[in-house]
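Below is the structure, and that's it, no one-letter string:
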Ligand code: HAM
């Protein structure tokens, strides 16, 4: 028996009837992002594993459990240092440094659209290959609350432009403060969590010393109850950080962006400082984050680059499409379908199709003769705007019947008058 292959678990084929939905989301994303001055950047799908470990943090779930490392059969030692990218930020920062972008512009507004890879346990909305549209603003001139507010507003605009209504998603906002504040925050958390240590799950008991922030994201019921009872506040913040966050909130309000301050929002990646945010869609169930982001003041210098500030976000495209609830794109796929009732008609239609395509319209036909009914069914399936019917009678009279599939009107035009067919397609 021949072996049948299936796609790897946690990946998906995007079939032709779904591709138009993806293209629509990509086009709208590109439009919005460029309206805000962001330009597209494309980096490799894999990078040195160390780049991800150093930026996202050794103790992050992604680095500990979800990296998809590459192994080459030719040079194992070399290739084993690479991993498929689990996110975009680290690679963009690597490219920013490597291409000396700081010397070329005061602010680099970059965006990306493409697949990311994480070896997670697959479930609805959680894949091993998924897609993100993301944006990063990096540079010496980027430490401004206006930029934070603008970037968050851009993410919200993007979701609205994609077709979601404001009621379908929810914006949560927090600040971790500067790296010193973040240190204070972790001390503050440990003090408050210490009395409840025995109530936490074994994973969180481990996290207590290694990465206490992760406890705030734990899905375990008892851990959540402990966290809910902590009554967190912003007392760990310095005056400057408190003012910065207040300015971000005011700027968001001036843009009419609704948000909720969530003291427990810390995000799962180590590089964040100051503003962090997450946009969720409650209707999606357990994997409800549509996107997230935040400021990362120390990452560029930590990876060997200049001391510049940065902020970014990424939306999960599969989740946005799930939230939209569409499985098939609307609209017409084809301009003209040609029906041929005998060999002579097929030969003639073959040439008409060429001329129609040369004129810039889409045209298709079946290459084997079948009944009128089955060829018309194919035209319907292709959602063709017009159909040409060429049978024995038409050939005898030297005409073709052209039918407008939207309003059912049809007319006969001289067989040789392809220009007339084309002008019908054009809507003249
Ligand atoms: P993240 O929260 O890890 O952040 O991912 C951003 C979004 O990608 C999530 O909110 C979710 O919609 C989607 N996503 C993540 N993992 C999966 C998965 N396994 N399956 C489906 N969708 C998924 C980042 O990646 C940061 N790089 C965002 C950022 C950019 N921060 C600053 N700049």
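Done, it's in. The shown structure was predicted, so the numbers you read here are calculated from the model rather than taken from an experiment. Numbers count the residues shown, from 1 in each chain.

By mean pLDDT, point me to the weakest helix or strand of this protein.
When the helices and strands of the chain are scored by mean pLDDT, DSSP states H and E, helix 76-79 comes last with a mean of 56.

who in this protein is up against the ligand?
Counting by CB under 6 Å from any ligand atom, the chain comes close to the ligand at 87-89, 118, 120, 125-127, 130, 132, 134, 136, 289-294, 312-314, 316, 318-319. No exception for glycine: its C-beta is placed from N, CA and C like everyone else's.

Return a selection command, for use in PyMOL, containing the buried ones of the residues you listed.
To isolate the buried members of the residues of the chain next to the ligand in PyMOL, using 16 or more other CB atoms under 10 Å:
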select buried, resi 87+88+89+118+120+125+126+127+130+132+134+136+290+291+292+293+294+312+313+314+316+318+319
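
So which of the residues of the chain next to the ligand belong to strands?
In this view, those that belong to strands under DSSP state E are 130, 132, 134, 136, 289-294, 312-314, 316.

so where's the stretch 1-150 of the chain shaky on pLDDT?
Along the stretch 1-150 of the chain, the parts satisfying pLDDT under 70 run over 75-80.

How far away from the center of its chain is the helix or strand that contains residue 240?
For residue 240, the enclosing helix or strand under DSSP states H and E is helix 239-254. Remark: helix 239-254 is offset 28 Å from the chain centroid, using CA atoms, centre = their mean, to the nearest Å.

Just the buried positions in that helix, please.
Residues of helix 239-254 classed as buried: 241-242, 244-245, 248-249, 251-252 (neighbour count, 16+ other CB under 10 Å).

next one: stretch 368-382
So stretch 368-382, judged by 16+ other CB under 10 Å, has buried residues 375-376, 378-379, 382.

Out of those residues, flag the one nearest to residue 274.
The closest of these to residue 274 turns out to be residue 382 (CB to CB; 52.2 Å).

What residues are bridge-paired with whichever residue of the stretch 101-250 of the chain sits closest to the ligand?
Nearest to the ligand, among the residues of the stretch 101-250 of the chain, is residue 130, at 3.5 Å (CB to the nearest ligand atom). In this entry, residue 130 is beta-bridged to residue 116, by DSSP bridges.

so what secondary structure elements neighbour the helix holding residue 240?
Where contact means 3 or more CB pairs under 8 Å, 6 or more residues apart in numbering; DSSP states H and E, helix 239-254 is packed against helix 145-162, strand 170-175, strand 273-280.

which of these is buried the deepest?
Most buried of these by mean neighbour count (mean count of other CB atoms under 10 Å) is strand 273-280; its value is a mean of 24.

ok, residue 64 - contacts?
By CB atoms under 8 Å, 6 or more residues apart in numbering, residue 64 lies in contact with residue 58.

Mind listing what's buried along the helix or strand where residue 203 lies?
Using DSSP H and E, residue 203 sits in helix 202-210. Across helix 202-210, burial judged by 16+ other CB under 10 Å covers 204, 207-208.

Please parse this structure into its domains.
Listed domain ranges for the chain are 16-178+238-324, 336-423 (source: automatic domain parsing).

I'd like these laid out as a markdown table, including distance to residue 213.
A markdown table is the format used below for those (distance: least, CB to CB, whole Å):
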| stretch | distance to residue 213 |
| --- | --- |
| domain 16-178+238-324 | 4 |
| domain 336-423 | 50 |
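
Pick the most deeply packed of those domains.
Most buried of the domains of the chain, by mean neighbour count (mean count of other CB under 10 Å): domain 16-178+238-324, with a mean of 18.

Below-threshold pLDDT in the stretch 301-428 of the chain: ranges please.
331-332.
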